[in-house]
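Undergrad: Just to be clear, the model below is a prediction. Sequence and coordinates:
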Amino acid sequence: MRVAITLLCLVGTLSAHRPTSVQTSSGLVVGFRVKAGHHHHVNHFLGVPYAKPPVGALRFAPPQPLDDAASGELDASRHGPSCFQPAHLKELMSSFLDTDSEMSEDCLTLNVYVPDSGDTGRLPVIVWLPGEGFDYAIARQFDGSYLAVHSNAIVVTVNYRVSSFGFLTTLTPDAPGNVGLHDQRMALRWVKKNIARFGGNPDKVTVMGRFTGSMSISIHVATPIKEKLFEKAVMQSGIAVGDYVFDSNPLNTTDKLASALGCPTDYSVDMVTCLRDVPAPELLRATTRIGKFFKPVMDGTLVVEEPLEAVKKGRHQAVDVIIGTNQNEGSLCFLTLQYLKSHFFERLIQNRLTTQDVADMVQFHLRDFNVRDDDVLSKLVQHEYHYQHIREGLRAQYVQFCGDMYVASHAEQMARLLAHHKKGSVYVYQFSHRPSFSKQPDFIGAAHGDDVLFAMGLVLKQRDLPKSEATLSIKLGASIGNFALNSDPSIVGAHDLEWPEYTEENQLVMHFTSGHCAARRSVLGRAVAFWHDIVPLMKITRAVVEVPAAEPLSMSSSQVFVFESSPHSVRASEPMGQSTVYVVVALAACNVLLLIVSAISITKVRSTQHRYETLEKL
């Protein structure tokens, strides 16, 4: 049965309280009843532990299940502390997201939001994984009350370990790595075991997240581990791809942290023992100082290959999916430059970027995907985006390049591959509405993360929110609720929304706006071909050349900045000098032309299936 939307004065604040309790494997959790808006109520159960505290010998170790606590009673009226992580940059965060949170290593908790809808059937479940870089994840930022109401689903938000606490590894049993991902899986096991006691259906679990939360979901979708922890997935603005996500040299990262703390590095057992003895605040400070970022690794069990590679081969879980992006995901790069007060930021604002500015930035961003000082590929990228946006100018070229490379092309490729294998239904959306409260300049439009504020219903807390935006929020949340219930996000009722499935043939994308929402054919075909056909082939066939080290430049002149893992995880990169590139121009030109002609020929002449088979043979 589909959810029919009605706009019933949901805009407003939450008010409380009436105690309510549920018996779980964590003990008797005593929550409270909250009024959401004017006509709805939600039962809150906050700070519920789902694993043993990862302290002492359990630091850097996979999560351990809780001992049976059925006889105990737990006050579930307050959020638990967030896991240790760097300070959030408030100037870059939405005002809807609270950045003030107590931190502790005893942080493996979740929050359960149960709509008091009077529905006697078992409700679908939506498990939210926060994540704005593998350094940042705070469950309490995302109040699940409004999504629970207008999706008519139980919403669970999860804290998990991040930064060095969640992703440090020695590639040995002492510190196997990826424990933050294992935390997520432990939380999903808790949901499967306990959610029926809250009135939820353990066989209808949808996992949902944005950016690195979404990247984590793509890893869980692609894992060879057969354990069925969820039936559906909503991935928003993030697919795990390349060095941007996976640490190709994690031992170097761990050694650098150990050295900074005076720990031995010769033997992993001694190093990990020493690191476990370091007080958590000191470990966090050292992690922030070393200028390295702790990220997922290929561990041979949970992660054996990149998700897109696994899905290309059909080695993925059979799940139904929604994949979403925002119209201008390139705002990721814009936010980084804004935080660093780089001269590039002012040039972006004033639309005064030079060709050399774009060239420098392209070269550095390519490094996030293991492309090291390849002048030929850099020029190919610049040419591609100059050709596509010649009328809009360099600013549009740069922002579109960032959005495609970091988010949009990978999301579209994931949709195409999943649709090809037909293991589950696939739905795709683009959020195209610029919020009335946006802090971004006009040329950004719908920025990275805007869709989540509407999908989670966080915008409904704003009292003076325009009715059109309230309706948009409820519509998007109800679509997700219908998807969680019956794998179809279409809506019937006062606000009909016919959302067609994305297939190889139609490639239809639902565009969410404050006006009429409609499905249109994807326009990302060229970006997908470029980043997933041409660029990989170019990396294989390019000549291996050596580029002399750049001369250092002052911060005030030509310093170039790059971010890893998150727009909030930023560092000053080594500046670009005037490189001497040893390339035979004629050979490079021939290679580029051959690749472009081959890709275009494959796209136009072959079917999508034959195209993938041909590329795999290459």
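TA: Looks like it came in fine.

Undergrad: avg pLDDT for stretch 74-92?
TA: When pLDDT is averaged over stretch 74-92, the result is 86.

Undergrad: same check, this time on stretch 426-439
TA: 95.

Undergrad: first to last residue in it, what's the distance?
TA: Taking C-alpha to C-alpha, to the nearest Å, stretch 426-439 runs 32 Å from one end to the other.

Undergrad: Run the chain-centre distance for that stretch.
TA: Chain-centre distance of stretch 426-439: 16 Å, with C-alpha atoms, centre = their mean, to the nearest Å.

Undergrad: so what's Ser163 closest to, chain neighbours aside?
TA: Asp135 (4.7 Å; C-beta to C-beta, 6 or more residues apart in numbering). (Glycine included, C-beta is placed from N, CA and C.)

Undergrad: Next, that neighbour: phi, psi?
TA: phi -100, psi -10 (degrees, to the nearest 10).

Undergrad: Ok, Val158 next?
TA: Here is the backbone geometry of Val158 (degrees, to the nearest 10): phi -120, psi 130.

Undergrad: how much space between the residue positioned nearest the centre of the chain and Glu132?
TA: A centroid search over the chain (C-alpha atoms, centre = their mean) returns Phe211, at 1.5 Å, as the residue closest to the centre. Distance, Phe211 to Glu132, using C-beta to C-beta, to the nearest Å: 6 Å.

Undergrad: Leu46 too?
TA: From Leu46 across to Glu132, the span is 21 Å (C-beta to C-beta).

Undergrad: Repeat that for Phe334.
TA: Shown here: Phe334 relative to Glu132, a distance of 15 Å by C-beta to C-beta.

Undergrad: Low-confidence stretches in this protein?
TA: 1-19, 69-71, 88-97, 99-100, 370-374, 494-495, 541-618 (pLDDT under 70).

Undergrad: quick one on the thing from earlier: please say which of Leu46 and Glu132 ends up with more neighbours.
TA: Glu132 (27 against 21; other C-beta atoms under 10 Å).

Undergrad: helix/strand/coil for His386?
TA: Secondary structure, DSSP: H, G, I helix; E, B strand; the rest coil: His386 is helix.

Undergrad: Just give me the neighbour total for the residue lying closest to it once chain neighbours are set aside.
TA: Nearest residue to His386, sequence neighbours excluded (C-beta to C-beta, 6+ apart): Gln397, at 5.8 Å. Residues lying near Gln397 (other C-beta under 10 Å) number 24.

Undergrad: can you pull the contacts of Gln397?
TA: Counting by C-beta atoms under 8 Å, 6 or more residues apart in numbering, Gln397 touches Val358, Gln382, Tyr385, His386, Gln388, His389.

Undergrad: quick one: secondary structure of the first one?
TA: Three-state call for Val358 (three-state DSSP): helix.

Undergrad: what about it, how many neighbours?
TA: Residues near Val358, counting by other C-beta under 10 Å, number 21.

Undergrad: Check the last one too.
TA: Look at His389: counted by other C-beta under 10 Å, it has 17 neighbours.

Undergrad: Surely it touches Val399?
TA: No - between His389 and Val399 there is no contact, the gap being 9.0 Å when judged by C-beta atoms under 8 Å.

Undergrad: Quick check: Thr325 is in a helix.
TA: No - assessed with three-state DSSP, Thr325 is strand; it does not lie in a helix.

Undergrad: Just give the number of residues close to it.
TA: 29.

Undergrad: got a list of what it touches?
TA: Thr325 makes contacts with Gln236, Ser237, Val407, Ala408, Ala411, Tyr429, Gln430, Phe431, Asp451, as judged by C-beta under 8 Å, 6+ apart.

Undergrad: The third one touches Ser237, doesn't it?
TA: I take that to be Val407. Yes - counting by C-beta under 8 Å, Val407 does reach Ser237; the two are 5.2 Å apart.

Undergrad: Of these two, which one has the most company?
TA: More crowded of Val407 and Ser237, by other C-beta under 10 Å: Ser237, with 29 against 23.

Undergrad: Tell me which residues touch the more buried one, please.
TA: Applying C-beta under 8 Å, 6+ apart, the residues near Ser237 are Arg210, Phe211, Ser214, Gly324, Thr325, Asn326, Glu329, Val407, Ala411, His448, Gly449, Asp451.

Undergrad: okay, those in CSV with secondary structure next?
TA: Shown next, in CSV, are the contacts of Ser237 (three-state DSSP):
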residue, secondary structure
Arg210, strand
Phe211, coil
Ser214, helix
Gly324, strand
Thr325, strand
Asn326, strand
Glu329, coil
Val407, helix
Ala411, helix
His448, coil
Gly449, coil
Asp451, helix
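
Undergrad: between the residues you listed, which is closest to Ala470?
TA: Of all those, Asp451 has the smallest distance to Ala470: 15.3 Å, by C-beta to C-beta.

Undergrad: How about the closest one: what's its closest non-neighbour residue?
TA: Nearest residue to Asp451 in three dimensions, chain neighbours excluded: Phe431, at 3.6 Å (C-beta to C-beta, 6+ apart).

Undergrad: contacting residues around the residue nearest to the centre of the chain?
TA: Here Phe211 is in contact with Gly131, Glu132, Gly133, Gln236, Ser237, Gly238, His448, Gly449, Ser566 (C-beta under 8 Å, 6+ apart).

Undergrad: go again using 6 Å as the cut-off
TA: Gly131, Glu132, Ser237, Gly238 (C-beta atoms under 6 Å, 6 or more residues apart in numbering).

Undergrad: And Lys228, by the same measure?
TA: Contact analysis of Lys228 by C-beta under 6 Å, 6+ apart lists nothing.

Undergrad: if I've got this straight, it is in a helix?
TA: No - counting by three-state DSSP, Lys228 falls outside a helix, being coil.

Undergrad: What's the local residue count around Ala310?
TA: Residues lying near Ala310 (other C-beta under 10 Å) number 21.

Undergrad: so it, which of the three states?
TA: Strictly by three-state DSSP, Ala310 counts as helix.

Undergrad: The one 4 residues further on now?
TA: Here Gly314 is recorded as coil under three-state DSSP.

Undergrad: hang on, the residue nearest to Asp451 packs against Val452?
TA: No - assessed by C-beta atoms under 6 Å, Phe431 is found out of contact with Val452, at 8.9 Å.

Undergrad: out of these two, which sits in the busier spot?
TA: The neighbour comparison of Phe431 against Val452 (other C-beta under 10 Å) goes to Phe431, with 30 against 27.

Undergrad: State the distance from the more buried one to Ala419.
TA: Taken as C-beta to C-beta, the span from Phe431 to Ala419 is 20 Å.

Undergrad: ditto for Asp243
TA: From Asp243 to Ala419 the distance is 27 Å (C-beta to C-beta).

Undergrad: Among the two, which residue is more densely surrounded?
TA: Ala419 (22 against 15).

Undergrad: The more buried one: what secondary structure?
TA: Once three-state DSSP is applied, Ala419 turns out helix.

Undergrad: thought it was touching Glu504?
TA: Yes - Ala419 lies in contact with Glu504 (C-beta under 6 Å); the separation is 5.1 Å.

Undergrad: Of the contacts of Phe211, which is the nearest to Asp270?
TA: Gly131 (32.1 Å).

Undergrad: tell me the SS of that closest one?
TA: Judged by three-state DSSP, the three-state class of Gly131 is coil.
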